[in-house]
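J.: how would this look folded up:
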Amino acid sequence: MAKLQVAIDLLTTEEALALAAKVAPYVDIIELGTPLIKNVGSSVITAMKNAHPDKLVFADLKTADAGELEADIAFKAGADLVTVMGAAGNATIIGAVKAAKAHGKGIVVDTIGYPDRVKRAQEVTELGVKFVELHAGLDEQWTDGYSIQVLIDEAARVGVPVSIAGGVNIDNVAAVVKSGVEVVVAGAAIYGAEDPAAAAKALCEAIDAAV
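T.: Have a look, this model is predicted:
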């Protein structure tokens, strides 16, 4: 069954912890967004893991260089999963995977901005990453004509473990699950909802129903 990951794109530890407390019963993975980590540092990773030791804490570092070093910092802070950019060189990804193995944790490659997400996902899977995120970032989502269907189609043919991030909501989550993803990533559909807990619960139930 696909896991549900909440992407917390807030800017303070207090806001992140408050949101996580509301949605934790319905999610499997708590993602700390890149702006959040840049704003408050790795301490938010530790705070989140301490608050929710039973959840996977996902540090969205989007590392582009010094893969082993940056991953090691996040794992020592309590992260279970750390992202490296798909556009980074293989040496960076290999270094991050080395750190992950040392800690018994995992690396996720983020394909945001990569011209051929499917090809890169297949390539980096061979380097030992946990899974690959087929990701359309906020800027891409805001461009005219964007549709999450592009990611759904990619997931259906990629043939390796992937997640989808890029506008998942209650209307399309069933199609996302049926594409064969291991993880469904929802951000604004949860943290932007009037009732984040209810939104997360609805997504969780929709994922279960789509299997």
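
J.: Name the surrounding residues that touch the longest strand anywhere in the chain.
T.: In the chain, with assignment by DSSP state E, the single longest strand is strand 56-63. For strand 56-63, contacts defined as Cβ atoms under 8 Å, 6 or more residues apart in numbering pick out 5, 7, 28-34, 37, 42, 45, 48-49, 70-71, 74, 77-85, 88, 92, 96, 108, 110, 112. In this view, the C-beta of every residue, glycine as well, is placed from N, C-alpha and C.

J.: now, which of those lie within helices?
T.: 34, 37, 45, 48-49, 70-71, 74, 77, 92, 96 (DSSP state H).

J.: Quick check: E126 vs E68, distance?
T.: 18 Å (Cβ to Cβ, to the nearest Å).

J.: who's more crowded, those two?
T.: E68 (18 against 9; other Cβ atoms under 10 Å).

J.: measure that one to A74 for me?
T.: 11 Å.

J.: Based on its surroundings, how many neighbours for A24?
T.: By other Cβ under 10 Å, neighbour count at A24 equals 17.

J.: same check, this time on V176
T.: If you count neighbours by other Cβ under 10 Å, V176 ends up with 30.

J.: what secondary structure does it sit in?
T.: Here V176 is recorded as helix under DSSP: H, G, I helix; E, B strand; the rest coil.

J.: Could you double-check that it lies in contact with A186?
T.: No. Using Cβ atoms under 8 Å, V176 is not in contact with A186; the gap is 9.4 Å.

J.: Mutual contacts of those two, please.
T.: Joint contacts of V176 and A186 (Cβ under 8 Å, 6+ apart) are V168.

J.: Could you give the separation of the longest strand of the chain from the chain centroid?
T.: Relative to the chain's own centre, strand 56-63 is displaced by 7 Å; criterion: Cα atoms, centre = their mean, to the nearest Å.

J.: Just the CA atoms of it, as PDB, please.
T.: What follows is strand 56-63, C-alpha atoms only, in PDB (Å, rounded to 0.1, in the frame of the first residue of the first chain):
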ATOM      1  CA  LEU A  56       9.700   8.600   9.100                       C
ATOM      2  CA  VAL A  57      11.200  12.100   9.100                       C
ATOM      3  CA  PHE A  58      12.100  13.200   5.600                       C
ATOM      4  CA  ALA A  59      14.700  16.000   5.400                       C
ATOM      5  CA  ASP A  60      14.300  17.700   2.000                       C
ATOM      6  CA  LEU A  61      17.800  19.000   1.700                       C
ATOM      7  CA  LYS A  62      17.900  18.900  -2.100                       C
ATOM      8  CA  THR A  63      21.700  18.400  -1.800                       C
END
